[in-house]
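Chemist: Kindly generate the corresponding structure for this input.
(chains A and B)
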Amino acid sequence: MLAQDVSQAVGDTPLVGLPALSPPGYQLYLKLEGHNPTGSVKDRVAKYLIEQAEQAGLLPGSRILEPTSGNTGIALAAICAPRGYKLTCVMPENTSEERRTLLTMYGVDLVFSPAEEGSNGAVRVAQEMAADDPDVVMPFQYGNPANPQAHYETTGPEIIRDVPDVAALVAGLGTGGTLTGVGQRLKEHNPDVLVIAAEPEYGDLVYGLRNLDEGFIPPVLDESVLDGRIKVNSLSALAATRELITSEGIFAGPSTGAAVSVARRVCTPQRLPEGSKVVVVSPDGGWKYLSTGAYDPGDLEHIAERLENTLWA
Amino acid sequence: MAIEVRVPTALRQHTDGEQKVVGQGSTLAELLDDLESRHAGLRGALVRDDGQLHRFINVYANDEDVRFLGGLQTPLDDGDTVSILPAVAGG
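Modeler: Residues are numbered from 1 along each chain as shown, chains lettered A, B, ... in the order given. The predicted structure is shown next:
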């Protein structure tokens, strides 16, 4: 595979069978989005967001502003740096150290939002900054149709090409872009495909004291595509993440464990006929989470308790 | 019939600061009515005037969002767990 520049190397990721972790009678496949250039599914989204902004007249030297829990920022940085765009990312202060290091290395200006406001806080701060500064361009992954479009036009067709008889899709719920874009594409292919969201369940710190009337549901999320939404706590996510390493040889991040854990749960005859193939989206590899202790030796419950107040999705 | 309910920090003003409370009912609606008798205000924070669940709150029965089960009519059993969590985005 030859690419003329890094943005051309986005997508076409491997879809890998999970023979050891598939429940009897079912076949799980994991879409390894960590194989994208900056190591996450967000490379697809960043490429679409920037190219759409360019079509709308974005000029070199412009400043991009985006709220992110990390992966989108890193992906945007890799697209923006070579094209001469400046980038400011607003990120909750309780994201992993690797994300901050990577963004700083790419020359990104970082603004931190309070941990207790979660990623909703990053959205709030970025929106306030954008309102005060008419010169910045905010692609806004949470509300930009280019986000699900990236998945509708690339991730979805890749899955259909590789597993045409896919019966169910399981992916994490972050912005909702993956579930919306891939889910719509798969349902056009076969309306009976089940689309299930795996949602991380965090510790109290992440949910914070926020006023519940001021919640945030990403406008790009099309909830009508979903057939179910299942939460996974840090311990279950971590246990599955480690099983992926020891049983399948796949080193993925905690959200992948969460999605695999949900995929195994939906493999019951009440939901899916035996013989069904289930595609799980792995948003990233484990590298950016080493500092969280997620892979350290020791008691898993202890490690999960430490992890649950870090935004791991 | 004992059902354990995880209450988010923002709603603990209704539960004397307790993170977990216990209630009973054969549906989510019955459980919320039962909880309301001891934890006044909790039901109102979850259910809108039109009888639908508040948009920014997700209620899970045994880890599954009740919007995809039966909403407030979701059946519950002894030993089930219910979690109330604010909607949080990622990305």
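Chemist: Buried residues in the helix or strand of chain A with the lowest mean pLDDT, which are they?
Modeler: The helix or strand of chain A with the poorest confidence is helix A:204-207; it has a mean of 74 (mean pLDDT, DSSP states H and E). Buried residues in helix A:204-207, counted by 16 or more other C-beta atoms under 10 Å in any protein chain shown: A:204, A:206-207. Backbone N, C-alpha and C define where each C-beta goes, glycine included.
Chemist: I'd like the C-alpha coordinates of that helix written as CSV, please.
Modeler: What follows is helix A:204-207, C-alpha atoms only, in CSV (Å, rounded to 0.1, in the frame of the first residue of the first chain):
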residue,chain,number,x,y,z
ASP,A,204,-18.2,9.7,40.1
LEU,A,205,-15.4,12.1,39.2
VAL,A,206,-16.1,11.9,35.5
TYR,A,207,-19.9,12.5,35.9
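Chemist: tell me which residues of the very next helix or strand once past it are tucked away?
Modeler: Next along the chain after helix A:204-207, taking DSSP states H and E as the criterion, comes strand A:228-233. Residues of strand A:228-233 classed as buried by neighbour count (16+ other C-beta under 10 Å): A:228-233.
Chemist: rewinding a little: same for chain B: which of the buried residues of helix A:204-207 are within range?
Modeler: By C-beta under 8 Å from any C-beta of the partner chain, the members of the buried residues of helix A:204-207 lying near chain B are A:204, A:206-207.
Chemist: in what helix or strand does the residue lying closest to A:S22 once chain neighbours are set aside lie?
Modeler: Nearest non-adjacent residue to A:S22, counting by C-beta to C-beta, 6 or more residues apart in numbering or on different chains: A:L28, 4.4 Å away. Taking DSSP H and E as the definition, A:L28 sits inside strand A:27-32.
Chemist: can you map out the helices along the stretch 101-250 of chain A?
Modeler: Assigned by DSSP state H, counting those that start in this stretch, the stretch 101-250 of chain A shows helices spanning A:118-132, A:146-150, A:156-162, A:177-189, A:204-207, A:234-243.
Chemist: What about the spatially closest residue to A:L244 that is not a sequence neighbour, how many residues nearby?
Modeler: Distance criterion C-beta to C-beta, 6+ apart; nearest residue to A:L244, sequence neighbours excluded, is A:I250 at 4.5 Å. Using other C-beta atoms under 10 Å in any protein chain shown, A:I250 has 21 other residues around it.
Chemist: which residue ranges form the strands in chain B?
Modeler: B:3-6, B:20-23, B:57-61, B:64-65, B:81-86 (DSSP state E).
Chemist: between those, which gets nearest to A:S224?
Modeler: Proximity to A:S224 (C-beta to C-beta) singles out strand B:64-65 among the strands of chain B, at 14.0 Å.
Chemist: so how far is that closest one from its chain's centroid?
Modeler: Distance of strand B:64-65 from the chain centroid (C-alpha atoms, centre = their mean, to the nearest Å) equals 11 Å.
Chemist: helices or strands next to that strand in the packing?
Modeler: Applying 3 or more C-beta pairs under 8 Å, 6 or more residues apart in numbering or on different chains; DSSP states H and E, one finds that strand B:64-65 contacts strand A:228-233.
Chemist: So the strand it packs on, near chain B or not?
Modeler: Yes: counting by C-beta under 8 Å from any C-beta, chain B has neighbours in strand A:228-233: A:228-232.
Chemist: So what touches that strand?
Modeler: For strand A:228-233, the external contacting residues (C-beta atoms under 8 Å, 6 or more residues apart in numbering or on different chains) are A:173, A:194, A:196-201, A:257-258, A:261-262, A:265-266, A:304, A:308, B:58, B:60, B:63-65, B:67-68, B:83, B:85.
Chemist: now that strand and strand B:57-61, what's the angle there?
Modeler: Using axes from the mean of the first three to the mean of the last three C-alpha atoms, to 10 degrees, the inter-axis angle of strand A:228-233 relative to strand B:57-61 is 90 degrees.
Chemist: Quick check: residues of chain B near chain A?
Modeler: Counting by C-beta under 8 Å from any C-beta, chain B comes close to chain A at B:8-11, B:19, B:45, B:54-58, B:60, B:63-65, B:67-68, B:83, B:85-91.
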